[in-house]
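Colleague: 3D, please:
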Amino acid sequence: MKNFTASLFFLLLFLAPALLSGQAAEQLEITKKLLEEERYKQAALVAREAYRNGVRTGDIGIMAEALVLEARAISEDGANAENRRTLKAVEGKLKEAFRFAEKAGRDSLLKEVAFWSENLMENPIPPPPPPPPFPTEGGTAASTDLKINFRDLARLKTFEFNTHNEALNKQLDELKLEKESLEKKYKSEITALNLGQAQQELILARKQQVIDSISMARLQDSLLVAQAQTDLQLQETELARQRNRMILLFVIAGAVLAIAGVLTWLYFNSRRKNRIIEEERRRSEDLLLNILPAAVAEELKSSGKAPARQYQQVTVLFTDFQNFSRTASELEPQELVNALDECFRAFDEIVERHGLEKIKTIGDAYMCAGGLPQPDGSHPAEAVAAGLEMQAWLNQHKDIPFSGARIGIHTGPVVAGVVGSKKFAYDIWGDTVNIAARMESEGQPGRVNVSHSTFELVKDLFKCSHRGKVPAKNIGEVDMYFVEA
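Modeller: From the prediction side, this is the model:
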């Protein structure tokens, strides 16, 4: 079992270089296709990986060809940049490829390096002299376009050994000639030497020279492999540094995007809150305007209070439905409220259109006034016109369950102001309010009843008919007039 395991281990150890060499050759083909497709960055990366596999297997032919392809990819990728750094990198790759190609003895690869150096380098590498024919099994020169494998490398070393052997034979011939000359010169000493020992020493010297030559070649190969491994480590270190830099950039970009997202969310959230606050403020103002006149509401917002004021001339209008209590007892609660709501909504529109100020409603009574909070000289006529329009609206809406409304109007001085701290209201006080209520109670359904003071202010605008006097508390008798529609 142990022998089988050991055999399997040595078999894998023997096959690993061949597998890596085959993978490197396939990577070189992929690099050429990427160069044809003008994908230069990917071509440089694949060529670099093929170079590493060549380093691992010790195949200097693959290393040289990988360096040529990487130099082409770097040159094409940096063609637009045209900087010294790109030219220097290309020049370094081609020079290193030339050393490996020269070491491998591949004439076609040397020619390829020379060709690309002429196109890519400022100082091109001169083309190599034609190598001697490489003997093969068939007796013809071997094709230099074939990829070097371990058998080719052995043949190459055999060829180098034969070359050295021929050189040694030449040296041997020279030594023989020198020996003959020395024999002639020192004949007596040469004869004393043992010819067999001399030949043996010469053979040993020649073998030692061959061994030294092979050792020197191996040493040079080891140095080249060590240098290639060093370059590979440097490249891997540079790739790791660039990868860390990219990771850092991605982290920074993610942090910036997160901060931007938070700021954007805060901005839109602030806008949404401001919009809600603005809507609430507008709603509060609308509610305040439904309770108070605009001028009084503005005064309350600015100073926090609205003092009572004396107005010398204000027209007060009262309305009241006839037999409301009896009608209310006959209607359903919701039907009664709906009827009142429809009437008072119509009255609100009429009052607003005539520039009057709604004061309040008490049960079925509706009260408004003109000439406040801003004095206005046209308020008596506007109040009378509003009263006539209210009666006209009631006559047009026969479906209203009330039998009719009395409307009374009086013009005079009042005191106006805001009362209460909770559910506060804008109200008016004075004899003018009482007389206007008296005019309403003494009126008739469907008619507008005005006092003498109001009559004096509108007699030129409306036709009125005198209908007698009515006693008023603390004032005496007051003349009354019906306004003719």
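Colleague: Please point out which parts of stretch 205-212 sit buried.
Modeller: R206, V210 (16 or more other Cβ atoms under 10 Å). Where you see a C-beta, it was placed from the backbone N, CA and C, and this is true even at glycine.
Colleague: per-residue confidence averaged over that stretch?
Modeller: Average pLDDT, stretch 205-212: 76.
Colleague: what does stretch 387-396 give?
Modeller: Taken as a whole, stretch 387-396 carries a mean pLDDT of 91.
Colleague: so what's the backbone phi/psi at D59?
Modeller: When quoted as degrees, to the nearest 10, the phi and psi of D59 stand at phi -90, psi 100.
Colleague: Revised request: answer the last question for P375.
Modeller: Note on P375: its backbone torsions stand at phi -60, psi 140 [degrees, to the nearest 10].
Colleague: Which SSE is immediately downstream of the worst-scoring helix or strand of the chain on mean pLDDT?
Modeller: Ranking every helix and strand in the chain by mean pLDDT, DSSP states H and E puts helix 187-192 at the bottom, with a mean of 55. Downstream of helix 187-192, the first helix or strand assigned by DSSP states H and E is helix 195-291.
Colleague: tell me which strands and helices that next one is in contact with?
Modeller: helix 40-57, helix 60-77, helix 84-104, helix 150-185, helix 294-303 (3 or more Cβ pairs under 8 Å, 6 or more residues apart in numbering; DSSP states H and E).
Colleague: Contact partners for R326?
Modeller: Residues in contact with R326 (Cβ atoms under 8 Å, 6 or more residues apart in numbering): none are found.
Colleague: wait, doesn't L331 sit right on N338?
Modeller: No: with contact defined as Cβ atoms under 8 Å, L331 does not count as touching N338 (9.3 Å).
Colleague: Can you work out which residues contact both of these two?
Modeller: Counting by Cβ under 8 Å, 6+ apart, L331 and N338 have no common neighbour.
Colleague: how close does A43 get to G417?
Modeller: 93 Å (Cβ to Cβ, to the nearest Å).
Colleague: higher neighbour count, these two?
Modeller: Taking neighbours as other Cβ atoms under 10 Å, A43 and G417 compare with A43 leading, 25 against 16.
Colleague: Could you report the pLDDT at the residue nearest the centre of the chain?
Modeller: Centrality entry for the chain: nearest residue to the mean C-alpha point is L257, 6.4 Å, by Cα atoms, centre = their mean. Listed pLDDT for L257 reads 89.
Colleague: Repeat that for the one 5 residues further on.
Modeller: Here, the pLDDT recorded for V262 equals 88.
Colleague: same thing with F100?
Modeller: Reading off the model, F100 has pLDDT 74.
Colleague: I figured it hits V225, correct?
Modeller: No: counting by Cβ under 8 Å, F100 sits too far from V225 to count as a contact (10.3 Å).
Colleague: In terms of neighbours, single out the busier of these two.
Modeller: The neighbour comparison of F100 against V225 (other Cβ under 10 Å) goes to F100, with 27 against 16.
Colleague: Look up how far V113 lies from the more buried one.
Modeller: In this structure, F100 and V113 are 9 Å apart, going by Cβ to Cβ.
Colleague: quick one: common contacting residues for these two?
Modeller: Joint contacts of F100 and V113 (Cβ under 8 Å, 6+ apart) are A64.
Colleague: Pull the number of nearby residues for Q233.
Modeller: Using other Cβ under 10 Å, the number of residues around Q233 comes to 10.
Colleague: All good on my end, thank you.
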